[in-house]
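Visitor: dropping the sequence and predicted coords here.
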Amino acid sequence: MIDYDPKAWLRIVVTLRGAVAGRLLGRVSVAIVLGVLAWWMHDTASFAIPPVAHTLIGAALGLLLVFRTNASYGRYVEARELLGRIVNASRDLARQVVTYVADHPECAALREDVLRWLGAFYRLLVQSVRDERDLDALGERLHASERAQLEPLKHRPAVVATWISARLHAAHRAGHLELEALRAMDANLTAIRAAHQAVHGVVLLHGPVCDCRRARGLHGGGLSGAVVCAVWDRRDRRGDRGPVWYGSQ
């Protein structure tokens with residue numbers, strides 16, 4: 001997450017991290033060169049473009065800017081909805097694991113592993129949309145053997161979700177989990193995975209990466225997965241647990 005003071009406008013203007021200034025530098029440079037060339041031609045050869053051309057181009061650019069801004073905020077709203085689904089389903093699944101799994105000595109490790117994997121799923125999802133690969137950042141959420149299994153893999157959140165499904169199914173076969181409870185947990189896990197897939201759909205939409213709050217005052221560029229992760233990571237850094245540890249401690 002990029003933390004900043006929204007009232008410190010000068011610092012926001014000169015900050016490059018999280019902004020699209022780097023992506024726009026080449027285009028702005030070309031515009032500057034064309035402007036200098038137009039000024040030189042006007043000064044030396046009295047070359048001029050009729051004002052009507054500027055008026056028409058300005059109107060078209062204004063309409064395009066409005067459409068692009070609407071699309072940007074539409075993606076932001078969609079990302080927040082997906083975040084809400086993941087948070088709610090994860091918390092509900094954690095509650096179900098703590099409540100429905102039988103109070104048996106063998107089930108203590110099961111509850112601990114599932115809750116730990118839920119936290120790992122959350123953090124791996126953040127890493128996947130940020131193109132990060134550092135498993136050490138997950139800390140206690142993954143054991144050394146689990147890190148070794150995930151290290152060469154690309155779709156890590158899906159693998160962790162499979163671990164959770166297999167562990168819950170094994171508990172059901174051992175008689176520690178009722179069938180109806182298993183179905184309810186699987187429904188929440190399916191909802192989390194569906195939101196995960198939709199998140200990648202938002203990220204894959206083309207458009208400049210920008211922080212939405214910064215974009216409000218500086219530009220109308222498109223919004224992509226960086227904003228989604230900024231929202232998720234804010235929740236995770238507050239408690240260093242992610243959304244699924246509700247009711248598990």
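Guide: The structure has been received and is ready for your questions.

Visitor: what pLDDT does the model give the residue nearest to residue 174 when sequence neighbours are not counted?
Guide: The shortest distance from residue 174 to any non-neighbouring residue, by C-beta to C-beta, 6 or more residues apart in numbering, is to residue 106 (7.5 Å). Placement of C-beta: from N, CA and C, glycine included. For residue 106, the pLDDT comes out at 75.

Visitor: from what I see, residue 106 and residue 175 are in contact.
Guide: No: taking contacts as C-beta atoms under 8 Å, residue 106 lies outside contact range of residue 175: 10.5 Å.

Visitor: where in the chain is pLDDT low?
Guide: Confidence mapping of the chain against pLDDT under 70 gives the ranges 1-4, 18, 205-249.

Visitor: can you name the next helix or strand after the lengthiest helix in it?
Guide: When the chain is parsed with DSSP state H, its longest helix is helix 51-100. Following helix 51-100 in sequence order, the next helix or strand is helix 105-130 (DSSP states H and E).

Visitor: who does that next one touch, helix- and strand-wise?
Guide: helix 51-100, helix 156-173, helix 179-204, helix 225-239 (3 or more C-beta pairs under 8 Å, 6 or more residues apart in numbering; DSSP states H and E).

Visitor: re the thing from before, relative to residue 186, how far out is the residue nearest to residue 174?
Guide: 21 Å (C-beta to C-beta, to the nearest Å).

Visitor: and residue 97, by the same measure?
Guide: 12 Å.

Visitor: between the two, which contacts overlap?
Guide: Residues touching both residue 97 and residue 186 (C-beta atoms under 8 Å, 6 or more residues apart in numbering): residue 168.

Visitor: of the two, which one has the most company?
Guide: Taking neighbours as other C-beta atoms under 10 Å, residue 97 and residue 186 compare with residue 97 leading, 28 against 16.

Visitor: give the contact list for the nearest residue to the more buried one once chain neighbours are set aside.
Guide: Excluding the flanking residues, the one nearest residue 97 by C-beta to C-beta, 6+ apart is residue 114, at 4.9 Å. By C-beta under 8 Å, 6+ apart, the contact set of residue 114 is 97, 164, 167-168.

Visitor: which of the residues you listed count as buried?
Guide: Taking 16 or more other C-beta atoms under 10 Å as the criterion, what is buried in these is 97, 164, 167-168.

Visitor: closest one to residue 15 out of the residues you listed, please.
Guide: If you rank the buried ones among the contacts of residue 114 by distance to residue 15 using C-beta to C-beta, residue 164 comes first, at 39.3 Å.

Visitor: gap between that closest one and residue 122?
Guide: 12 Å.

Visitor: also residue 37?
Guide: Going from residue 37 to residue 122 by C-beta to C-beta gives 52 Å.

Visitor: cool, residue 153 as well?
Guide: For residue 153, the distance to residue 122 - C-beta to C-beta - is 17 Å.

Visitor: comparing these two, which residue is more hemmed in?
Guide: The neighbour count for residue 153 versus residue 122, taken as other C-beta under 10 Å, is higher for residue 122 (27 against 10).

Visitor: isn't that one right next to residue 86, touching?
Guide: Yes: contact criterion C-beta under 8 Å: residue 122 and residue 86 qualify, at 7.4 Å.

Visitor: three-state assignment of residue 175?
Guide: coil (DSSP: H, G, I helix; E, B strand; the rest coil).

Visitor: tell me how many other residues surround it.
Guide: Neighbour number of residue 175 under other C-beta under 10 Å is 9.
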